[in-house]
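# Here is my input; please provide its structure:
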Amino acid sequence: WAIEVIFYEQKTFWSFGKYMVRSKNGIESYVNFLAIAYSGVQLLPFKQKKYAHLKTESSQVKKQLVGMAIQQEVFFYTFVLSIENRIKSLAILKAYEQWVEEKHNF
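Model prediction:
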């Protein structure tokens, strides 16, 4: 059955085999989240040309490559954000220094 393959792949290749929840809401949330994530990764190659080469790849290869792409995006975003914060901080410091100079020149 296809549904068994999905759960097998989720437990084995997606590392959810040891994930445990105890409440009904927790179980439902877990199953829904897992189904959405799994479906998204499976459908991605058919929706975005950038990932079309993954159409024939196995589930674990798709998961690994998409996971790496997400990590790169998160790293890049964090890196750019830290640079922007430094630039903003430097601009504020420079403006403050100019204000202090102007105040002392009067």
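# Any idea which helix or strand in the chain has the lowest mean pLDDT?
helix 2-12 (a mean of 73; mean pLDDT, DSSP states H and E).
# For it, list the C-alpha coordinates in CSV.
Below are the C-alpha coordinates for helix 2-12, written out as CSV (Å, rounded to 0.1, in the frame of the first residue of the first chain):
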residue,chain,number,x,y,z
ALA,A,2,1.2,3.5,-0.9
ILE,A,3,0.3,4.8,2.6
GLU,A,4,2.6,2.3,4.2
VAL,A,5,5.5,3.4,2.0
ILE,A,6,4.9,7.0,3.0
PHE,A,7,5.0,6.2,6.7
TYR,A,8,8.0,3.9,6.2
GLU,A,9,9.9,6.7,4.4
GLN,A,10,8.9,9.3,7.1
LYS,A,11,10.1,7.1,9.9
THR,A,12,13.2,5.8,8.2
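# how about the CA coordinates for the following helix or strand past that helix, as CSV?
Per DSSP states H and E, the first helix or strand lying C-terminal to helix 2-12 is helix 24-47. Coordinates of each C-alpha in helix 24-47 appear next as CSV, following Å, rounded to 0.1, in the frame of the first residue of the first chain:
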residue,chain,number,x,y,z
LYS,A,24,-4.6,13.2,20.6
ASN,A,25,-4.0,16.8,19.5
GLY,A,26,-0.2,16.1,19.4
ILE,A,27,-0.7,13.0,17.3
GLU,A,28,-3.0,14.8,14.9
SER,A,29,-0.7,17.7,14.6
TYR,A,30,2.3,15.4,14.0
VAL,A,31,0.6,13.4,11.3
ASN,A,32,-0.7,16.6,9.6
PHE,A,33,2.7,18.3,9.7
LEU,A,34,4.4,15.2,8.4
ALA,A,35,2.0,14.7,5.6
ILE,A,36,2.3,18.4,4.5
ALA,A,37,6.1,18.4,4.6
TYR,A,38,6.3,15.0,2.8
SER,A,39,3.8,16.1,0.1
GLY,A,40,5.6,19.4,-0.4
VAL,A,41,8.9,17.7,-1.0
GLN,A,42,7.4,15.1,-3.3
LEU,A,43,5.5,17.8,-5.3
LEU,A,44,8.3,20.3,-5.4
PRO,A,45,10.0,18.9,-8.5
PHE,A,46,6.8,19.1,-10.4
LYS,A,47,6.0,22.7,-9.4
